[in-house]
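*Asks:* build me a model from this:
(2 chains)
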Amino acid sequence: MASFSTNEFKSGLKVLLDGDPCSILENEFVKPGKGQAFNRVKLRNLMNGRVWDRTFKSGESLEAADVMELDMEYLYSDGEFWHFMKTDGSFEQVAADKNAITEAQDWLKEQDAYTVIVWNDAPISVSPPNFVELAVADTDPGLKGDTAQGGTKPATLSSGAQVKVPLFIEIGDVLRVDTRNGEYQNRVKQ
Amino acid sequence: MKDEQWRPSTNKDRLFARADLLKSIRSFFEQRSVLEVETPTLSQATGTDPNLDSITANYQDVQQKEKTLYLQTSPEFAMKRLLADGSGAIFQICKSFRNAEQGARHNPEFTLLEWYQPGYDEHELMNELMLLVQSIYPQDHSIQHVWQKQTYQNLYEQHLGFNPHVIHCEELERLAKKEINIEIKQANKDTWLDLLFSHLIEPHLKEPIFIYDYPVSQSALAATGKNNDGIEIARRFELVIGGMEIANGYFELTDVEEQRRRFSDDQKIRQEQQKTTNPVDGNLLAAMTHGLPSCAGVALGLDRLLMLVSNAQSIDQVLTFPLDRA
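*Replies:* Down below sits the predicted model:
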């Protein structure tokens, strides 16, 4: 198994820590002139998204995590698993479980592309693109002509996400939404 | 775009600040009749310190024979040879190189100010170092009157509640692991002390402070002595300002036999840690056999002093072209 020494630590590197794949966020080199050097490292645990602070003696190494970030197309859910297909022409499929889908669950639309992190051939997390376009499944009736005022109302999108939308939005409208903060961006002309 | 790769990572103000700093230092030593010298950056031998790694260079002599040379981690050995030859008080401002050191306070190539005062002990040199640092600040700056001086032992007692000279390694490990989330395979007592210092003590040392009387296991090239409790200590000191180590000095070891022992102890540690062992500097040993005068010496990180003077958060802000742009 490949491993990385603290000297090679850099942002984005994937390593195994306490058995979990982690992505290095920050690596601070700390060294007294005549003493032992350390690396103070911030890592994101890719299994649960938690950020860890960990100090290592410089020169020691961590095992590399066999982690890949893939763009995959969402196919369907069978209730237990969410199925994705590689976009590289291989038609290879993977099935993400409840834990892996958490972040993307509210923003799923068939045939859209998602970033799937695969560890030892199993998906461990799925991230939606920063912006998605989804249809409004339910909302209070729109107020005709009210396109200028600032008021909002709740709307449920086809994926199940709840977003605040302007009053003129109607059922069936397709909206562009920022998945990072769940904010409505604009109505998409069909 | 200001962060284009070809541009310096420093700015014009700091370029001028560096020039001013160099001028002030030279004027300080001129007034004190300390001679400015130059010694080689590229040498046939290097230090043995297990925590310092040299950058090597492949040299080809006129017969095309290859030879490994070393970029100096500090000018210490060469300057001691000058002292042994009777130079008297000397200082040097030079580039030094340390392998695998890069971060907010480290660049593998950096500038050291190093000087030696024959006849001084470490306390006299600490005083001179304080005067030097004060001389580069304005008269009304707070740095003119907030200096502290504390033994290594007092510092650990005050911040962490134990005596570092007598505490056992297992106890230290327990304390360190309680406070710091650490992943470590191989550690000795000094590793734990360094870890606690860098994580829990140094960040709090904002005002200028001299730390002195180090554990003998951290003597490096300092003479040893006994403190008031009769505990053997290294006559070594460090200056920390703004939570950052600025300088490291010694009442210098002059005993050549002890020097030989330390070199060989270092080599053993390097072997245990599976690091490369470099040839011991025979010229330094010969000079010390001839006789190094009783003296104190100190090395000061000039880039870091400039970081302080110019309020820089990272060493890159005071360097023209740090390694990634060099």
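*Asks:* I'd like the mean pLDDT over stretch B:243-257, please.
*Replies:* Mean pLDDT, taken over the full extent of stretch B:243-257, equals 97.
*Asks:* now the terminal residues of that stretch, how far apart.
*Replies:* Taking CA to CA, to the nearest Å as the measure, stretch B:243-257 stretches 36 Å from start to finish.
*Asks:* again with stretch A:10-25
*Replies:* For stretch A:10-25, the first and last residues are 8 Å from each other (CA to CA).
*Asks:* tell me the helix or strand right after the helix or strand containing residue B:264.
*Replies:* Using DSSP states H and E, the secondary-structure element containing residue B:264 is helix B:256-272. Going down the chain from helix B:256-272, the next helix or strand is helix B:282-291, by DSSP H and E.
*Asks:* buried ones in the following helix or strand past that following helix, by neighbour count?
*Replies:* Secondary structure here is assigned by DSSP H and E; on that basis, the next helix or strand after helix B:282-291 toward the C-terminus is strand B:295-301. The neighbour-count criterion (16 or more other CB atoms under 10 Å in any protein chain shown) identifies B:295-301 as the buried residues of strand B:295-301. The way it works is simple: take the backbone N, C-alpha and C, and place the C-beta from them, glycine included.
*Asks:* tell me which helix or strand the residue of chain A found nearest chain B sits in.
*Replies:* Distance from chain B to each residue of chain A (CB to the nearest CB) is smallest for residue A:29, at 3.0 Å. Per DSSP H and E, residue A:29 falls inside strand A:20-30.
*Asks:* which residues touch that strand?
*Replies:* A:6, A:9-16, A:37-48, A:51-52, A:58, A:65, A:67, A:119, A:124, B:101-106, B:198-199 (CB atoms under 8 Å, 6 or more residues apart in numbering or on different chains).
*Asks:* repeat for stretch A:57-65
*Replies:* So stretch A:57-65 is in contact with A:1-7, A:14-17, A:21-22, A:29, A:31, A:36-39, A:46, A:56, A:119, B:100, B:183-187, B:191, going by CB under 8 Å, 6+ apart.
*Asks:* how about that stretch: buried residues?
*Replies:* Using 16+ other CB under 10 Å as the test for burial, stretch A:57-65 gives A:57-59, A:61-62, A:64-65.
*Asks:* filter the residues you listed down to the ones in strands?
*Replies:* Counting by DSSP state E, the buried residues of stretch A:57-65 place A:57, A:61-62 in strands.
*Asks:* so, low pLDDT: which residues of chain A?
*Replies:* Segments of chain A classed as low confidence (criterion: pLDDT under 70) are A:1, A:142-149, A:190.
*Asks:* which residue is nearest the middle of it?
*Replies:* For chain A, the residue nearest the mean C-alpha position is residue A:127 (2.5 Å; CA atoms, centre = their mean).
*Asks:* relative to residue A:159, how far out is that residue?
*Replies:* When CB to CB, to the nearest Å is applied, the distance between residue A:127 and residue A:159 equals 14 Å.
*Asks:* give the helix, strand or coil label for the residue lying closest to residue A:83 once chain neighbours are set aside.
*Replies:* In space, and not counting its chain neighbours, residue A:83 is closest to residue A:75: 4.4 Å by CB to CB, 6 or more residues apart in numbering or on different chains. Counting by DSSP: H, G, I helix; E, B strand; the rest coil, the backbone at residue A:75 sits in strand.
*Asks:* on that earlier part again, generate a ChimeraX selection restricted to the buried entries among the contacts of strand A:20-30.
*Replies:* Buried residues among the contacts of strand A:20-30 (16+ other CB under 10 Å), as a ChimeraX selection:
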select /A:6,9,13,14,15,16,37,38,39,40,41,42,43,46,47,58,65,67,119,124 /B:101,102,103,105,106,198,199
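*Asks:* residue with max distance from the center of the chain?
*Replies:* Chain wasn't specified; assuming chain A. Among the C-alpha atoms of chain A, the one farthest from their average position, using CA atoms, centre = their mean, is that of residue A:34, at 43.1 Å.
*Asks:* actually it's chain B I care about, not the one you picked
*Replies:* Centroid-distance maximum for chain B: residue B:63 at 37.5 Å, with CA atoms, centre = their mean.
*Asks:* that residue - that's part of a helix, no?
*Replies:* No - counting by three-state DSSP, residue B:63 is located in no helix; its state is coil.
*Asks:* list of residues touching the helix holding residue B:264?
*Replies:* Outside of helix B:256-272, the residues within contact range by CB under 8 Å, 6+ apart are B:48-50, B:219, B:221, B:253, B:276-277, B:280, B:284-285, B:288-289.
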